[in-house]
Every structure is written in C-alpha cells, then in structure tokens.
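In: Need a 3D model of the sequence below.
(chains A and B)
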Amino acid sequence: MNLETILSKYAQKAVKSLYGVECDTFEFQVTRKEFEGDITLVVFPLLKYIKDNPVAIGQKIGDYFVDNADVVKGYNVIKGFLNIEIHNSYYLDGFNKIKDDQQFGISSKNKGQKAVMVEYASPNTNKPLHLGHIRNVLLGYSVAQILKASGKKVYKTQVINDRGIHICKSMLAWQKFGNGETPQTTGLKGDKLVGNYYVAFDKEYKHQINELISKGKSEEEAKKQAPIILEAQQMLLDWEAGNPEVLELWNKMNTWVYDGFDVTYKNIGVDFDCNYYESNTYLLGKDVVEDGLSKGVFYKKPDNSVWIDLTDEGLDEKLVLRSDGTSVYITQDIGTAIQRVNDYPDVNGMVYTVGNEQDYHFKVLFLILKKLGYSWAENLYHLSYGMVDLPSGKMKSREGTVVDADDLIADMSRTAAEISEELGKLEGYSETEKQELYKTIGLGALKYFILKVDPKKRILFDPRESIDFQGNTGPFIQYTYARVQSILRKSNIEPGGTIDLDYVLLDKEKELIKLLFYFPEVVQNAAENYSPALIANYTYDLVKEFNSFYQSIPILAADTDAQKDFRVQLSRAVAYAIKNAFAMLGIVVPDRM
RNA sequence: GGCUCCAUAGUUCAAGGGAUAGAACAAAAGUUUCCUAAACUUUAGAUCCAGGUUCGAGUCCUGGUGGAGCUACCA
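Out: Take a look at the predicted model:
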C-alpha cells in the first residue's frame, strides 16, 4: 500500500470526525523541495464540502494525522497546502522490502489474463528502413515492454506490406536493369539492393514521362501512358493471377528484403512474436463486410460499392468494398484484426503503432469494428506519433534526404567510440567487448533521444548536430549505472540483510528512496498512457538525484559500517530500477563505460 | 472549406487543474591528491495572442495567429 492510500484513509476519517463530512478522494502531491515535508495534501478541493478556511482545515487534519497515523511525524500548513512529514522508519521499512528485488518495478499481478497485441514497424518491402521507422519500432517495442512490465501479456507483431504496385516497380526495374545482381554478388544488404531498383524505376519512369511530354502529351497523359508504368501494372495483374514466374521473382526479392530487415531489427534490438503478410491478409475482410451488410452496419450503393455511414459520429461516409467487389485498405485491416483474435484467442485488445497521418483511418477502423459488435473493439488503441522531420522539412527519398536506419546506428556507435577512446576508461576490455559497448552506448543515445519525447509531438532531427551524449541523454543514465556497478564490484556487500529502522537518513538518501517507491506507479502510468516518455523522464530524475548523492556523500568511505552498508544497498536498488526502466525502453545498460 | 494534432528559455525537451513553470544543450563561473568529471555546484534566460470557467490555468472552454496532417473505388 502506498503512502497516498494510507493517508487517504486517515484523511477520510479525519474529515468525518472533524466536520462530519464524507469524502473519499484526496489530492496529494510530492512536497516541493523548498518546503518542509515529504508529501502534501492539497486542502483547496475540500472547500467544496467544508466551510472553513483552508489553513484551519489543514491544521486540524494535520493534528489528526499526528495523533492517529503512526507514519506521520509532523506537519506544517502553508496557504492551502498541508505538508506532512513522514517518519524515516516508514521509508526504511519500505526500502527493506524492495532493495533486493531485481525485478523491482515489474509487476506480475495480471499474468494469465487477457493479452494485448502490439503492432509496430509495418514496413514496405521496396525500401530500406529509415529514421521514421526507427521511431515507430522503438515506440512500439517500448510500449510492448511497458505493458508487459505493467503485468499484461503481450504479443508483438508487424504487418508486412509485401504486395502492390510499389513492389512490382522494384521487381520490374531489377528485371530490366539488374543483370542478375543479388545481395551476394554485390555485397549489398538485400533491402538496400531492392531499394536501389525502386529508385531506378522512378528514374526511368520520369525519363519516359518527359519524353512523352516532349512529344506533345500532357503530363497527366504521360504519367498514365509511360510504357514502364503499364508494364508494372501488368505485373501486378500477373501477380494476382498467380503467374509462377512473377511469383518466383517476388519471392526471391522479398526474401532479400526480409534478410536485410532482420539485420536492421537485430541491430536495433527489437523482435516480433508473429508476422502478418499483406499478401495473405489482403483478401480478408470481405466476408465480414457481407455479414455487416446483412446486419445493416453497411449499405450498398446502386453501383454495388459498399459503404458505412459515419456522419452521426462526425465523420464521413467511408467506402469498404469497391464496386467491382475488391477490398480496400480498411477492409483488409478489418479482416486482419479479426484474424488476429482468431489466431490468438486470448487477445482482448490491440495497439497499432502508426504515424499520425493515419489518425482518421484508425478512428474509422475502430468505429467499424465496434459497430460490428466485437467485444475487444473497445480496447483498440492507435499509438499515433508525429513525424521525424529534418531541419529542411520532411524526409524525401527522391531528394536523397532520407536518414537511413543502418547508417544512423553505425554513426551513433562511431560517435560513442570516439568519446570513449578519448576518455580511455576501458583498460582491459578486448576489442570485441569495446565494439559491443560502443554499440550499446550509441543505441542508448539514439533510443533515449527518441523515446523521451511525447509520441504525439513531431521530432526535429538535425543530422549535423547529431545526438548529445551529455546531459539528459541515454549515455548519462548508462554512465550512472556503470558507476554503481563499479561501487558494487569494489564493495563486498552482498544483497540481503535488513537496514536498521533507526538509521539516520540524510535528505539525499531519503529523496532517493522516495523516488524508488514511485517507480511501480510510473510504470502503471506509462502503460495506461502508452508513453515511454514517462519512463524516460522518471529514470532521468532518479539518476540526477543519484548523481547528486554520489557526488556529495561518500559511499565506500562512509564514516560508519552501517552507513556504508546502507549506501551500497541503496545504490544497488537504484541500479535495479535503472536497469529495469531502461529495459522498458529497449536500452541496455553497461557494467563499465 | 471541413476535421485532427502541435505551439513553453537562443535550441531540444519536462510539468497527473495546484505553491516561486523544471531539466539539458549552447553562454558565464567554479569542483579531480577522494567510490568512473559521459559527473557535480553556481549564474543568466520562457508559457503565441485575446477573452472565459475556477479559490487557483502552461494545462480546461471559445475565438484568433502560426506550423503539421487528414479529407482517394492508393496502401
């Protein structure tokens, strides 16, 4: 039971006995540093029920606390704020309960109940992954970890967009200009190779358009009549018809791309429990539409196209089946959602990590699924995030301003290596260990940089300024962790034992314990809000407090054995929290750096 | 046109309707015979505008301004 809950109970009794008022919700906040006290009851909200002045109310409740609540040592009232001082023994007792818990902050309470499926990445197979995908993947993966840590069962998944005209473009260009090139013959990553042909297609397409325009065609006509686009369209038809040659090429090139993606995912440190391929799912959903039609959820227009009317919900009419009976994007998404629940019957909710340009699409999708009457449709969440922009604006592949995922990761490692080598603290590390560490630090910087920002907001990424390794950054937090590990190596104080409840706590020590107590709540909060940023911010606060403690208070050289013991154990508990919090962000913490 | 999201120090980010709006980077100054200076300690600096609700508004509401996005029988 946390402090707020305990104090709420006393507060409830207090207002009952003092004023005869029934009230069960109270507003607490952490006492500001400039005031005496540990936790503060805000009195103002009580004015609705109690006719008295705020200071008097505060004092009376404060007196009641001191007389009745064991944990309360004293209080002061400033304006409408009742600042409550808590006995050190409360903190020490609580600390004894958590200090050896390596899983601290990770809840296991809801295990075995309903699961949630988290979708992220969702790449196209015609282009390599870029910085935008990195934000997507990091967010999705992190939210999955946070949900797990909050006690939920989670499946991680992606939808791979492996069909359509865009894939045919790369295939066609490879056929025409590829001379049989493969990742093996060129040494290129498969996704990069295929991406190059996508660009090659575009180049040729533009060339043909210009030629046609010079022959007197309008731009519109030229775009439709360029031979290469006609060929691509034919290829798509062949693909849909099951032409074996086209399918073989499609398979071959997609395999290259998947191999390339696997390398990138592994580099980033993310994975999936299952994959859905659009080539398997694009036909799904049609039966559901038929069914919904009979239920009156959808309606048919004279040309046989099927629609849903969402004007009552403030949205538009939306097409769900074309007049020729083929499905559209949303039809497929309806089908995929249902398929997932069929495949994983314990799934009772889904999180879609998709950019905010699709806010409208997901609003519609969720509404449709609700109208179709699926119980799990209540638990769908669009984890919508802002674009990653460059100082010049949007990333555009045609202008070559895309920040490639692999390149960026390599860059980050390189920067980490430069800084590390300059500092020269890695005596005794082998070259492999060093490289591993540089990657850990580089990735830590990148991931923290992206995840500390509220998902909704767009991120500005300036490739020239790169990403900091100092201040409010991943490496700063990793560094603190490494420092603690160093202390633990040097001390021979093992986990276990109990801290004496009479131990005299210094302010900075108490602050750290308070922050630790707050961690499980932060995890729940982050899970409810699907927000890795909350975890990142919390970790930063904790680490900042620890560094201040570390700097001003001797640990191994403490005056007494009791102090040394306590401070080492406190440091270890902080390290557990850092490690677990960072794991929720998908960031690894090093033992040295 | 309609709808959605965003707007906080020079810059990048914080702030569950609560006290004097926090950090970091950049700027200025200091701290290594001491547990890792990727650190710590100081200084200076901000809520887009106008109304409203509230005991209390960066936060909620209305209207502006500026930016982004959506508004396809594409995915």
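In: Chain A: strands as residue ranges?
Out: A:27-30, A:39-42, A:72-78, A:81-86, A:115-119, A:153-160, A:274-277, A:299-300, A:306-309, A:317-321, A:347-355, A:380-385, A:388-389, A:459-460 (DSSP state E).
In: Wondering if the second one reaches RNA strand B at all.
Out: Yes - shown here: strand A:39-42 in contact with RNA strand B (C-beta under 7 Å from any atom of the strand) through A:40, A:42. Using the backbone N, CA and C atoms, a C-beta is placed for each residue, glycine as well.
In: what do you get for the first one?
Out: Yes - counting by C-beta under 7 Å from any atom of the strand, RNA strand B has neighbours in strand A:27-30: A:27-29.
In: any low-confidence regions in chain A?
Out: A:110-112, A:397-398 (pLDDT under 70).
In: Centroid-nearest residue for it?
Out: Closest to where the C-alpha atoms of chain A average out (C-alpha atoms, centre = their mean) is residue A:139, at 2.7 Å.
In: Just give the nearest non-adjacent residue to residue A:447, would you?
Out: residue A:587 (5.1 Å; C-beta to C-beta, 6 or more residues apart in numbering).
In: Contact partners for the one you found?
Out: With contact taken as C-beta atoms under 8 Å, 6 or more residues apart in numbering, residue A:587 is in contact with A:443-444, A:447-448, A:474, A:478.
In: Between the residues you listed, identify the one with the most neighbours.
Out: residue A:474 (32 neighbours; other C-beta atoms under 10 Å).
In: So what's the residue count around the residue of the stretch 1-150 of chain A found nearest RNA strand B?
Out: Going by C-beta to the nearest atom of the strand, RNA strand B is nearest to residue A:44 of the stretch 1-150 of chain A, at 3.0 Å. Counted with other C-beta under 10 Å, residues neighbouring residue A:44 total 13.
In: Please apply the same query to the one 4 residues further on.
Out: Look at residue A:48: counted by other C-beta under 10 Å, it has 9 neighbours.
In: Kindly provide the distance from residue A:389 to RNA strand B.
Out: 8 Å (C-beta to the nearest atom of the strand, to the nearest Å).
In: tally of neighbours for that residue?
Out: With other C-beta under 10 Å as criterion, residue A:389 counts 16.
In: residues in contact with residue A:254?
Out: Residue A:254 neighbours (C-beta under 8 Å, 6+ apart): A:125, A:162, A:167.
In: could the strands of chain A be laid out in TSV, adding distance to residue A:288?
Out: Putting these into TSV (distance: least, C-beta to C-beta, whole Å) gives the following:
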stretch	distance to residue A:288
strand A:27-30	46
strand A:39-42	50
strand A:72-78	59
strand A:81-86	56
strand A:115-119	18
strand A:153-160	17
strand A:274-277	16
strand A:299-300	15
strand A:306-309	11
strand A:317-321	9
strand A:347-355	16
strand A:380-385	15
strand A:388-389	35
strand A:459-460	37
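In: now for those strands, which one comes closest to residue A:214?
Out: Residue A:214 lies closest, by C-beta to C-beta, to one member of the strands of chain A: strand A:388-389, at 35.9 Å.
In: Quick check: the residue of chain A nearest RNA strand B.
Out: residue A:471 (2.1 Å).
In: State the phi and psi torsions of that residue.
Out: phi 90, psi -140 (degrees, to the nearest 10).
In: For stretch A:353-365, list every residue counted as buried.
Out: Burial within stretch A:353-365, assessed by neighbour count using 16 or more other C-beta atoms under 10 Å, is assigned to A:353-356, A:361-362, A:364-365.
In: Quick check: end-to-end length of that stretch?
Out: 14 Å (C-alpha to C-alpha, to the nearest Å).
In: I'd say residue A:229 and residue A:223 touch.
Out: Yes - between residue A:229 and residue A:223 there is a contact at 7.2 Å, judged by C-beta atoms under 8 Å.
In: re the thing from before, correct me if wrong: the residue of the stretch 1-150 of chain A closest to RNA strand B contacts residue A:54.
Out: Yes - counting by C-beta under 8 Å, residue A:44 touches residue A:54, with 6.2 Å between them.
In: any residues in contact with both of the two?
Out: residue A:80.
In: and residue A:132, how many neighbours?
Out: 20.
In: Provide a list of residues in contact with it.
Out: Residue A:132 touches A:355, A:387-388, A:395, counting by C-beta under 8 Å, 6+ apart.
In: out of those residues, which one sits closest to residue A:530?
Out: The closest of the contacts of residue A:132, once distances to residue A:530 are taken by C-beta to C-beta, is residue A:355, at 14.7 Å.
In: quick one, what contacts the closest one?
Out: Contacts of residue A:355 (C-beta under 8 Å, 6+ apart): A:132, A:136, A:384-387.
In: of all those residues, which two lie farthest apart?
Out: Applying C-beta to C-beta across these, the maximum distance is between A:132 and A:384, 13.5 Å.
In: Show me the helices in the stretch 1-150 of chain A, by range?
Out: Assigned by DSSP state H, counting those that start in this stretch, the stretch 1-150 of chain A shows helices spanning A:3-19, A:54-68, A:88-98, A:131-149.
In: Packed most tightly, which of these would that be?
Out: helix A:131-149 (a mean of 25; mean count of other C-beta atoms under 10 Å).
In: which parts of the stretch 201-350 of chain A sit against RNA strand B?
Out: So far as C-beta under 7 Å from any atom of the strand goes, the stretch 201-350 of chain A lies against RNA strand B at A:278, A:282, A:301, A:303, A:305, A:314, A:316, A:319, A:322-324, A:328-329, A:332.
In: Please pick the buried ones from those residues.
Out: A:278, A:282, A:305, A:319, A:328, A:332.
In: so the third one makes contact with residue A:326?
Out: No - contact criterion C-beta under 8 Å: residue A:305 and residue A:326 do not qualify, at 10.2 Å.
In: which residues touch residue A:485?
Out: Counted by C-beta under 8 Å, 6+ apart, residue A:485 has contacts A:575, A:591-592.
In: Closest to residue A:77 out of these?
Out: Closest to residue A:77, out of all of the contacts of residue A:485 and judged by C-beta to C-beta, is residue A:575, at 38.1 Å.
In: leaving aside the residues next to it on the chain, what's closest to that closest one?
Out: In space, residue A:575 is closest to residue A:484, 4.2 Å off (C-beta to C-beta, 6+ apart).
In: Over to residue A:500?
Out: residue A:562 (6.8 Å).
In: What are the contacting residues of stretch A:396-407?
Out: Counting by C-beta under 8 Å, 6+ apart, residues outside stretch A:396-407 touching it are A:127-131, A:133-134, A:189, A:192, A:199, A:202, A:263-264, A:267-268, A:388, A:390, A:392, A:395, A:461, A:463.
In: Residue A:341: how many residues sit nearby?
Out: Neighbour tally, residue A:341, other C-beta under 10 Å: 18.
In: repeat for residue A:163
Out: 21.
In: between the helices of the stretch 1-150 of chain A, which gets nearest to residue A:375?
Out: That would be helix A:131-149 among these, by C-beta to C-beta, at 19.3 Å.
In: Say whether RNA strand B is contacted by that closest one.
Out: No - under the criterion of C-beta under 7 Å from any atom of the strand, RNA strand B is not reached by helix A:131-149; the shortest gap measures 11.0 Å.
In: Show me how far that helix is from its chain's centre.
Out: 3 Å (C-alpha atoms, centre = their mean, to the nearest Å).
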